[in-house]
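1. sequence first, then the predicted structure:
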There are 2 protein chains.
Amino acid sequence: MALVSAEPEGQPTRVDRRKARTRQALVRAARRILAERGTTDVSIQEITDTADVGFGSFYNHFESKSELFEVAVREVLEEYGASLDLACTDLTDAAEVYAVGVRMTARLALTQPAVAQVLLQVGLSYPSEDQGLAPRALRDIRRGIADGRFTVEDARLGLIATAGCILAFLQAALDQRDELNESDADSLAEMLLRMLGMTARSAHTVARRPLPAVPL
Amino acid sequence: MALVSAEPEGQPTRVDRRKARTRQALVRAARRILAERGTTDVSIQEITDTADVGFGSFYNHFESKSELFEVAVREVLEEYGASLDLACTDLTDAAEVYAVGVRMTARLALTQPAVAQVLLQVGLSYPSEDQGLAPRALRDIRRGIADGRFTVEDARLGLIATAGCILAFLQAALDQRDELNESDADSLAEMLLRMLGMTARSAHTVARRPLPAVPL
């Protein structure tokens, strides 16, 4: 019920649009804090200052700070997944598309540590997300099975293993406990291709092909 | 300096022994809470009541609740690792010892969900632990490489992948989002054996051998 609106019913009112702008400013501020400071350990005052909105407006949109950061995280990862898709449009080998996703996502720890941190904040529940990187990885595993590139029986188990390996890699790389580099990211993809049923030789070849440029 | 002690220097005094008993009672209480309630979300009062020690004594031993639970978690996992070692003493195939560890640890989500929860509380930093399950898995991977059963180049990367896969499996099983069962735990081990360089046929055979009894 838009009691005070002159706009047609069902259309967003001026108030609706202003609320949407405030919400988007808060999400953008959270993304900026995640990217620049790699942490969610900030006050709500800092968030509303960064968003240039009033402190009181925060609770009109989000119940808690962690709810806001979750929204921001999902937005970042969905955009990253779309970038990966775009970068892979010319690839016809499902195994290679899967491998590019693994290699690029594992590289985030080196190239975009704040984004990697975001992935780790969502954590081991990430494979159950219905947007972002998880459904794309599942799609690539299923395509690989359909094309006879992968022989794994259970695509869901393949997704769980893929996500677990990448998350553990990101954590180890961010902790700097193993001095992981780009070649290690490719080795991880090679191991995962073997895990999905490819021979050692094929896995090695596919995981070392030149990477497409991923616009991020 | 044991100012009020009549005991020989360097020997634990009566006060030392009482302090050690209180500390152990607190750790035992934390383990009981983890096992019976599967959570660390309890008050310090509940912990000291469970331990049957005075509320004030808590901070003589631990700076925070999470410090206590971390100690308890490491104790549980070290004992579990020792149980796994004991159960595998008669096995001569390094790949099988590794596979038993994966199959039994993944099964924790089904047989001992509170212990699985404990593992997940430590989380993706777990592969860097210097006691418990991580150094044992690394040892088994290195043995497998030395015996020519595994061909993976980097044992540390093998450990990261192993830990990530098991943790993601535990999380998925506890979330009940994939209805994972014992056969899935074995399939995960089979996938990991392939990942470490075994052929599909060998991996399948090793991951389906009868499991030894693990005293827990």
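-> Thanks, I have the structure now.
2. so which bits of the lowest-mean-pLDDT helix or strand in chain A are buried?
-> When each helix and strand of chain A is scored by mean pLDDT, DSSP states H and E, helix A:113-122 comes last, with a mean of 78. Within helix A:113-122, the residues that count as buried by 16 or more other CB atoms under 10 Å in any protein chain shown are A:Ala114, A:Val115, A:Ala116, A:Gln117, A:Val118, A:Leu119, A:Leu120, A:Gln121, A:Val122. All C-beta spots, glycine's among them, are computed from the backbone N, C-alpha and C.
3. I'd like those as CSV, with distance to B:Leu133 appended.
-> Putting these into CSV (distance: CB to CB, whole Å) gives the following:
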residue, distance to B:Leu133
A:Ala114, 30
A:Val115, 29
A:Ala116, 25
A:Gln117, 25
A:Val118, 28
A:Leu119, 24
A:Leu120, 20
A:Gln121, 24
A:Val122, 24
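4. now, which of those lie close to chain B?
-> A:Leu120 (CB under 8 Å from any CB of the partner chain).
5. in the buried residues of helix A:113-122, find the pair that's most separated.
-> A:Ala114 and A:Val122 (13.6 Å; CB to CB).
6. circling back: so what touches the least confident helix or strand of chain A?
-> If you take CB atoms under 8 Å, 6 or more residues apart in numbering or on different chains as the criterion, helix A:113-122 is touched by A:34-40, A:69-70, A:72-73, A:76-77, A:80, A:105, A:108-109, A:126, A:129, A:133, A:167, A:170-171, A:173-174, B:124.
7. residue nearest the centroid of chain A?
-> A:Leu77 (2.6 Å; CA atoms, centre = their mean).
8. related to what we said a few turns ago, which of the contacts of helix A:113-122 are buried, as a PyMOL select command?
-> To isolate the buried members of these in PyMOL, using 16+ other CB under 10 Å:
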select buried, (chain A and resi 34+35+38+40+69+70+72+73+76+77+80+105+108+109+126+129+133+167+170+171+173+174) or (chain B and resi 124)
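9. coming back round to it: tally of neighbours for the closest residue to the residue nearest to the centre of chain A other than its chain neighbours?
-> In space, and not counting its chain neighbours, A:Leu77 is closest to A:Gly132: 3.6 Å by CB to CB, 6 or more residues apart in numbering or on different chains. Residues lying near A:Gly132 (other CB atoms under 10 Å in any protein chain shown) number 21.
10. just A:Arg177 next, same as before
-> Using other CB under 10 Å, A:Arg177 has 14 other residues around it.
11. cool, and the one 3 residues further on?
-> By the other CB under 10 Å criterion, the neighbourhood of A:Leu180 contains 25 residues.
12. SS state for it?
-> Per DSSP: H, G, I helix; E, B strand; the rest coil, the secondary structure class of A:Leu180 is coil.
13. spit out the contact partners of it.
-> A:Leu180 neighbours (CB under 8 Å, 6+ apart): A:Ala109, A:Leu110, A:Phe169, A:Ala172, A:Ala173, B:Leu157.
14. 7 Å - rerun?
-> Neighbour list for A:Leu180: A:Phe169, A:Ala172, A:Ala173 [criterion: CB atoms under 7 Å, 6 or more residues apart in numbering or on different chains].
15. near chain B, from those?
-> A:Phe169, A:Ala172 (CB under 7 Å from any CB of the partner chain).
16. tabulate the contacts of A:Leu180 (JSON lines), appending pLDDT and secondary structure.
-> As requested, those are exported to JSON lines (pLDDT from 0 to 100; DSSP: H, G, I helix; E, B strand; the rest coil):
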{"residue": "A:Phe169", "pLDDT": "96", "secondary structure": "helix"}
{"residue": "A:Ala172", "pLDDT": "94", "secondary structure": "helix"}
{"residue": "A:Ala173", "pLDDT": "94", "secondary structure": "helix"}
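17. out of the contacts of A:Leu180, which one sits closest to A:Ala25?
-> A:Ala173 (32.3 Å).
18. need the pLDDT of the nearest residue to the closest one once chain neighbours are set aside.
-> Excluding the flanking residues, the one nearest A:Ala173 by CB to CB, 6+ apart is A:Ala109, at 3.5 Å. Note on A:Ala109: pLDDT of 90.
19. please, which helix or strand holds A:Ile145?
-> helix A:133-146 (DSSP states H and E).
20. what's the helix or strand for A:Ala72?
-> Per DSSP H and E: helix A:65-87 holds A:Ala72.
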